[in-house]
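>>> for reference, the sequence and a predicted model appear below.
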Amino acid sequence: MLYLRLLHVFFKVSLLNELAYRANFWVQLFETLISFGTAAGGLLVIFSHTDHLGGWRPAELVMLLGVYFIMVGLIRVTVRPSLERLMADVREGTLDYRLTKPASSQFLVSFREMHIWRVTDLLLGIGLLVAGATRLGVLVEPVQLLAFPVALIAGAAIIYSVHLILATLTFWVIRTENIMVIFTSLFQAGRYPVGLYPTWLRAILTFIVPVAFATTVPTEALAGRLSLATLLTALGVAVALLVVSAVFWRFGLRHYTGASA
């Protein structure tokens, strides 16, 4: 209950901050539409020459694009702003204020700041997902509806863990933001099925930059393509990365020298 109340407080404070600059909503909406236009344009070009892409139908790729925007929205609304603030706090020696609070330091640095207007990515993703799934007629399948949220939560946990691990590197690396930019660029590969890429790149996007578990696997679950073994693997990877990121965060804290040290 404590953490739910904290999330509520963080949301209210962030919303008040965002309402002070309401023009940001239109800026974020414009950025979302540009990203959508680029991705959708690519699909239109592809399917003007073929009916399938690596065995994926147009409606399935629309769902994949929806899952991609949902993941991007979740990260941009919650985790990314907070972890960017964490990196600034470490450089400036002001992380002390978070560490003295009577709550989990990992929770505080992960969710204390939200960019509410980035919800445009999330809403666009949901719209694309519903449109593609409705066209395929998969919304009535109970097994797929059960597997999809499990795979989606596992993918979100994996992406969060990777972001936390990269942000924790700021205890040793000065400009961790550059690493974040590289990860964001690689994550854009999730707009297409990972199986389309060469073997070496597929391995990178599955085990090093786990794009496959964040976008392709949830979409496969909703499209009825996902095997139980793959779903269990996604869950296992999610649990393992959550543990590793938490342990690495505590290890990083031991190397932090704040303004009060």
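Right, received. Where do you want to start? Numbering: from 1, shown residues only.

>>> and the helices in the stretch 1-150 of the chain, which stretches?
Counting by DSSP state H, counting those that start in this stretch, one finds helices in the stretch 1-150 of the chain at the ranges 2-19, 23-47, 58-74, 80-92, 96-99, 105-111, 119-136, 142-168.

>>> most packed of those helices?
For the helices of the stretch 1-150 of the chain, average neighbour numbers computed from mean count of other CB atoms under 10 Å are highest in helix 58-74, which has a mean of 24. For the C-beta atoms, the positions are set from N, CA and C on the backbone; glycine is no exception.

>>> could you give the average pLDDT over stretch 168-180?
Stretch 168-180 shows a mean pLDDT of 81.

>>> redo the helices of the stretch 1-150 of the chain as JSON lines? Include distance to residue 242.
Output for the helices of the stretch 1-150 of the chain, formatted as JSON lines (distance: least, CB to CB, whole Å):
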{"stretch": "helix 2-19", "distance to residue 242": "15"}
{"stretch": "helix 23-47", "distance to residue 242": "28"}
{"stretch": "helix 58-74", "distance to residue 242": "15"}
{"stretch": "helix 80-92", "distance to residue 242": "15"}
{"stretch": "helix 96-99", "distance to residue 242": "20"}
{"stretch": "helix 105-111", "distance to residue 242": "10"}
{"stretch": "helix 119-136", "distance to residue 242": "22"}
{"stretch": "helix 142-168", "distance to residue 242": "5"}
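
>>> lowest-confidence stretch among the ones you listed?
helix 23-47 has the lowest average pLDDT among those, namely a mean of 75.

>>> which helices and strands sit right next to that helix?
helix 58-74, helix 119-136 (3 or more CB pairs under 8 Å, 6 or more residues apart in numbering; DSSP states H and E).

>>> and that helix, how far out from the chain's middle?
Distance of helix 23-47 from the chain centroid (CA atoms, centre = their mean, to the nearest Å) equals 18 Å.

>>> same question for stretch 169-183.
Using CA atoms, centre = their mean, the offset of stretch 169-183 from its chain centre is 17 Å.

>>> before we move on, what SS does residue 226 have?
coil (DSSP: H, G, I helix; E, B strand; the rest coil).

>>> quick one: it from residue 216, how far?
9 Å (CB to CB, to the nearest Å).

>>> just residue 33 next, same as before
Relative to residue 216, residue 33 is positioned 24 Å away (criterion: CB to CB).

>>> just residue 76 next, same as before
Applying CB to CB to residue 76 and residue 216 gives a distance of 20 Å.
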